[in-house]
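Enquirer: here is my input, please return the structure:
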Amino acid sequence: MKRFLVVFLVLVLSNSFNLSNAFENISAEDEVQAVSENKVQENKVLQAEVSFDWLDISQAQRDDQIAKYRDLLFEGSDNSVYYSKSDFKNTFSSFSKDKNYKHHYMLTNNGVTQDEEAKYCAFYYKNDTLVMYAIQYNNNPHNAFYYTAFGKLYYVDVTSANYPNYPYYSIQYDRKGNLKSAIYFVSHDMQYMYGPNKEFQGLWYKDKMYSANGKQTLTRTNW
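Expert: Numbers count the residues shown, from 1 in each chain. Okay, the predicted model is just below:
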């Protein structure tokens, strides 16, 4: 989710406004406890153990990992997450405006994160002014729609078919269908993030982001 573009970029880098795993936030793997043991088993998210060795391996090994996940994201066989601008418009035109934005604004601004229709995530400026909210409809769990406070579509997240089981990946588009970012979710703790030109932006491990050469660059509060 984002805001007025320049302000948004500054906020992301300063961690005042973090979007890098917003889809994860909407669909946390430890959501509401199921009422029966069977439901718990059905809803269990599949995840393999992942070790963090980014700081210990050689630069050549880091480069190999960056190339590996870039290929998985951009050269993979799951083309359902990739859209041309015309295909994006045809697919998501009905979501360009949130017709119930007043209602959704009220819900998210009052801390509601889930109801019978959808899951929600609110984004604030300086912790008190809601500037954007996200909706993930229960009948459409592979998309998340980010709206301004006035209900104008800003971004759409599209995830691969195996979501929410790890690994999976998420592609984000702006409202015009331009690819903005791509994230490969190795696990809840680890994500490889790339920009619209396939450039590596960083490896998130828990609350810290690391550069291609192993330097810590950012922290986040919503991991």
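
Enquirer: did I read that right, residue 204 in a helix?
Expert: No - counting by DSSP: H, G, I helix; E, B strand; the rest coil, residue 204 is not found in a helix; it is strand.

Enquirer: my read is that it contacts residue 191, right?
Expert: Yes - using Cβ atoms under 8 Å, residue 204 makes contact with residue 191 at a distance of 4.5 Å. Heads up, the C-betas are built off the backbone N, CA and C, glycines and all.

Enquirer: which helix is the longest one in this protein?
Expert: For the chain, the longest helix by residue count, based on DSSP state H, is helix 59-74.

Enquirer: average model confidence for the following helix or strand past that helix?
Expert: The helix or strand immediately downstream of helix 59-74 is helix 85-92, counting by DSSP states H and E. Averaged across helix 85-92, the pLDDT comes to 93.

Enquirer: so how far is helix 85-92 from its chain's centroid?
Expert: Here helix 85-92 is found 20 Å from its chain centre; the criterion is Cα atoms, centre = their mean, to the nearest Å.

Enquirer: equivalent analysis for stretch 164-172, please.
Expert: With Cα atoms, centre = their mean, you get 9 Å for stretch 164-172.

Enquirer: repeat for stretch 125-136
Expert: 15 Å.

Enquirer: same check on stretch 91-103?
Expert: How far stretch 91-103 lies from its chain's middle: 19 Å, per Cα atoms, centre = their mean.

Enquirer: buried stuff in it?
Expert: 92, 95, 98, 101 (16 or more other Cβ atoms under 10 Å).

Enquirer: hey, C-alpha coordinates of that stretch in PDB?
Expert: Presented in PDB, the C-alpha positions along stretch 91-103 are these (Å, rounded to 0.1, in the frame of the first residue of the first chain):
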ATOM      1  CA  THR A  91      -9.000  -8.800 -14.900                       C
ATOM      2  CA  PHE A  92      -9.100  -6.100 -12.200                       C
ATOM      3  CA  SER A  93     -11.200  -3.200 -13.700                       C
ATOM      4  CA  SER A  94     -14.100  -3.900 -11.300                       C
ATOM      5  CA  PHE A  95     -11.800  -3.300  -8.300                       C
ATOM      6  CA  SER A  96     -10.500   0.100  -9.500                       C
ATOM      7  CA  LYS A  97     -12.800   1.800  -7.000                       C
ATOM      8  CA  ASP A  98     -14.000   0.400  -3.600                       C
ATOM      9  CA  LYS A  99     -17.700   1.200  -3.700                       C
ATOM     10  CA  ASN A 100     -17.900   0.500   0.000                       C
ATOM     11  CA  TYR A 101     -14.900   2.500   1.000                       C
ATOM     12  CA  LYS A 102     -16.600   4.500   3.700                       C
ATOM     13  CA  HIS A 103     -17.600   1.200   5.400                       C
END
